[in-house]
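[1] Here is the input, now give the coordinates:
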Amino acid sequence: MSQTSPGARLDLAGVLTGVRRMAPLSLFVVVFGLAFGVAALSRGLSGLEAMMMSALVFAGASQFAALELWGPEIPLLPLIATTFAINARHLLMGAAIQPWLAHLPPKQRYASLVVMSDSNWAMAVADHQRGETNVGMLVGGGIALWLTWLAGTLLGVLFGSGIAEPERFGLDVIMGCFLLAMLVGGRRDLSMLVPWGAAALAALAAMAWLPPHSHVIVGALAGGLAGLLVWPDRKKREAVA
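    Okay, the predicted model is just below:
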């Protein structure tokens, strides 16, 4: 992280700027929210339950994963473990911006993290690296994403009951395509094929031989361990280059 910024501040003007900058990207979130609303109804949740989940959880991938586990009897421990595995990246994301947010009063600091997601975090990190002191991008961008996620969920709840077969419109694969786009859209490096391959093979094996829904955790752990093995060699190559 850049050390050119003397600290951090948060004000209304910065928040509004963050909302405005995130607005174009937020429009695409409506589609994912709609897909979640439709999927939630198909899994037996009421419209109110779907809206409450989007409002309080605000974690698209985890919410879709929770729907896969939803049923008359909810497996609580697998649900907790799966959610933690998917959202564990937030531990690193929070640590990355801690030196910046440490300058804020505690109430502002922790309130800012409530609306942190991948997109507004990435933009906020870029701002900080340029020496920006206002944390408005993180907060305002998060608010914009949260509101459009709720709007999309509402649309799915209102019109989802009229979509008898969501898979006909591809709504059942939207989140998978989104996550795949994030994966292949990152840095091009052949060494990344090792953790990707390890995660994929471990997940497929878990689907075949382990209890249901364990493939997410197994795949994440296998990919993470493979990444740890690859990381030292990658750093050495970057240092030589």
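[2] drop to CA atoms for contacts and neighbour counts, all remaining ones
    Noted.
[3] State the next helix or strand along the chain beyond the lowest-mean-pLDDT helix or strand in the chain.
    Within the chain, no helix or strand scores below helix 174-184, which has a mean of 60 by mean pLDDT, DSSP states H and E. Using DSSP states H and E, the next helix or strand after helix 174-184 towards the C-terminus is helix 193-209.
[4] what packs against that next one?
    Other helices and strands packing on helix 193-209, by 3 or more CA pairs under 8 Å, 6 or more residues apart in numbering; DSSP states H and E, are helix 215-240.
[5] Break this structure down into its structural domains.
    As given by automatic domain parsing, the domain ranges for the chain are 12-186, 187-241.
[6] Include mean neighbour count when you put these into a markdown table, please.
    Shown next, in a markdown table, are those (neighbours: other CA atoms under 10 Å):
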| stretch | mean neighbour count |
| --- | --- |
| domain 12-186 | 18 |
| domain 187-241 | 15 |
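[7] hey, least reliable of the ones you listed by pLDDT?
    Among the domains of the chain, domain 187-241 carries the lowest mean pLDDT, at a mean of 74.
[8] Break down this protein into its helices, ranges please.
    12-42, 47-56, 60-69, 76-87, 89-101, 106-114, 118-129, 136-160, 174-184, 193-209, 215-240 (DSSP state H).
[9] What is the fifth one packed up against?
    If contacts are counted by 3+ CA pairs under 8 Å, 6+ apart, helix 89-101 sits against helix 118-129.
[10] make it 10 Å
    helix 106-114, helix 118-129 (3 or more CA pairs under 10 Å, 6 or more residues apart in numbering; DSSP states H and E).
[11] tell me the angle the last one makes with helix 136-160.
    In this structure, helix 118-129 runs at an angle of 170 degrees to helix 136-160, with axes from the mean of the first three to the mean of the last three CA atoms, to 10 degrees as the basis.
[12] Helix 118-129 packs against which elements?
    The elements that helix 118-129 packs onto, with contact taken as 3+ CA pairs under 10 Å, 6+ apart, are helix 12-42, helix 89-101, helix 136-160.
[13] how near is the residue nearest to residue 116 when sequence neighbours are not counted to residue 11?
    The shortest distance from residue 116 to any non-neighbouring residue, by CA to CA, 6 or more residues apart in numbering, is to residue 142 (5.7 Å). Separation of residue 142 from residue 11 (CA to CA, to the nearest Å): 15 Å.
[14] what do you get for residue 45?
    38 Å.
[15] again, but for residue 66
    For residue 66, the distance to residue 11 - CA to CA - is 35 Å.
[16] can you check residue 27 too?
    24 Å.
[17] quick revisit: with distance to residue 221 added, can I get the helices and strands packed on helix 118-129 in CSV?
    Shown next, in CSV, are those (distance: least, CA to CA, whole Å):
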stretch, distance to residue 221
helix 12-42, 26
helix 89-101, 13
helix 136-160, 28
